[in-house]
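Engineer: Got a sequence here, can you build the structure:
(2 chains)
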Amino acid sequence: GAVVSQHPSRVICKSGTSVKIECRSLDFQATTMFWYRQFPKQSLMLMATSNEGSKATYEQGVEKDKFLINHASLTLSTLTVTSAHPEDSSFYICSARRGQNSNQPQHFGDGTRLSIL
Amino acid sequence: RKEVEQDPGPFNVPEGATVAFNCTYSNSASQSFFWYRQDCRKEPKLLMSVYSSGNEDGRFTAQLNRASQYISLLIRDSKLSDSATYLCVVNMDGFKTIFGAGTRLFVKA
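Structural biologist: The predicted structure is shown next:
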């Protein structure tokens, strides 16, 4: 069964709206979660690493004021796309690893398809 | 050079065929390796981990060659349901995970 849950799965909204996406680890605690985006027919691009109780680590070129990440508990990380515009339309996916061992695989949420009109 | 490279394909094979995907990685300090599959408009799902000794899971066999920095995935007796994009994933120096761009597979009746 799923180990990471992501919500919502689909969002369609007007330009200028802020959109919040939730990522939950279902039966384990995740001190670290990862946020990716994927454009059609392209590979996953890591946006940021979400750290429980501290600031997220953003990849180069990702605007931290545009993509707000909050990891307030050991089972929940949120990504807020602020003042979204059509170019932000994409597939956003979160992931987490069970345990602290970095050699463990990541498990992904179902993803959120964001469409900005 | 990309950190993880895969042949993008697509590979078009008939049902029952054997197909092999290759992946190379650039960082010799890479620690763990995985194959994921991603269906169209879906999230990646873990297919299997890759161990130095090689490992098999049903019709799927994964191999790792650390000396050549090379990973492979072999699919035997391909099924229509195997059609997907296969992602090579490498964990590097602790926490950094690198995803290959993926290899698309189409299995046809």
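Engineer: Buried residues in stretch A:72-87, which are they?
Structural biologist: By 16 or more other Cβ atoms under 10 Å in any protein chain shown, the buried positions in stretch A:72-87 come out as A:75, A:76, A:77, A:78, A:79, A:81, A:84. Every residue, glycine included, has its C-beta placed from N, CA and C.
Engineer: now those residues as CSV including secondary structure and distance to chain B?
Structural biologist: Converted to CSV, these look like this (DSSP: H, G, I helix; E, B strand; the rest coil; distance: Cβ to the nearest Cβ, whole Å):
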residue, secondary structure, distance to chain B
A:75, coil, 18
A:76, strand, 18
A:77, strand, 15
A:78, strand, 17
A:79, strand, 15
A:81, strand, 18
A:84, coil, 20
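Engineer: Surely residue B:9 and residue B:103 touch.
Structural biologist: Yes: if you go by Cβ atoms under 8 Å, residue B:9 and residue B:103 touch, sitting 4.6 Å apart.
Engineer: For those two, work out which one has more neighbours and name it.
Structural biologist: Between residue B:9 and residue B:103, counted using other Cβ atoms under 10 Å in any protein chain shown, the more crowded position is residue B:103 (21 against 15).
Engineer: what pairs with that one across the strands?
Structural biologist: Legend: beta-bridge partners of residue B:103 under DSSP bridges are residue B:86.
Engineer: what do you get for residue A:91?
Structural biologist: Bridge pairing for residue A:91 - DSSP bridges - gives residue A:38, residue A:113.
Engineer: do the same with residue B:21
Structural biologist: Bridge pairing for residue B:21 - DSSP bridges - gives residue B:73.
Engineer: can you list the residues of chain A near chain B?
Structural biologist: A:6, A:32, A:34, A:42-44, A:46, A:49, A:91, A:93, A:102-111, A:113 (Cβ under 8 Å from any Cβ of the partner chain).
Engineer: Tell me the buried residues within those residues.
Structural biologist: Judged by 16+ other Cβ under 10 Å, buried ones among the residues of chain A next to chain B: A:6, A:32, A:34, A:43-44, A:46, A:49, A:91, A:93, A:102, A:105-111, A:113.
Engineer: tell me which element the residue nearest to the spatial centre of chain A is part of?
Structural biologist: Nearest to the mean C-alpha position of chain A, counting by Cα atoms, centre = their mean, stands residue A:35 at 3.5 Å. Element membership of residue A:35 [criterion: DSSP states H and E] is strand A:32-38.
Engineer: Which residues does the helix or strand following that strand contact?
Structural biologist: As assigned by DSSP H and E, the chain's next helix or strand after strand A:32-38 is strand A:45-51. Applying Cβ atoms under 8 Å, 6 or more residues apart in numbering or on different chains, the contact partners of strand A:45-51 are A:23, A:31-38, A:56-59, A:62, A:64, A:67, A:69-71, A:77, A:79, B:95, B:97.
Engineer: so who does residue A:44 touch?
Structural biologist: A:36, A:37, A:38, A:93, B:44, B:87, B:99.
Engineer: what distance separates the lowest-mean-pLDDT helix or strand in chain B from the centre of its chain?
Structural biologist: Here the helix or strand of chain B ranked lowest by mean pLDDT, DSSP states H and E is strand B:96-99, holding a mean of 86. Relative to its chain's centre, strand B:96-99 lies at 14 Å (Cα atoms, centre = their mean, to the nearest Å).
Engineer: Residue A:48 versus residue A:28, what's the distance?
Structural biologist: 21 Å (Cβ to Cβ, to the nearest Å).
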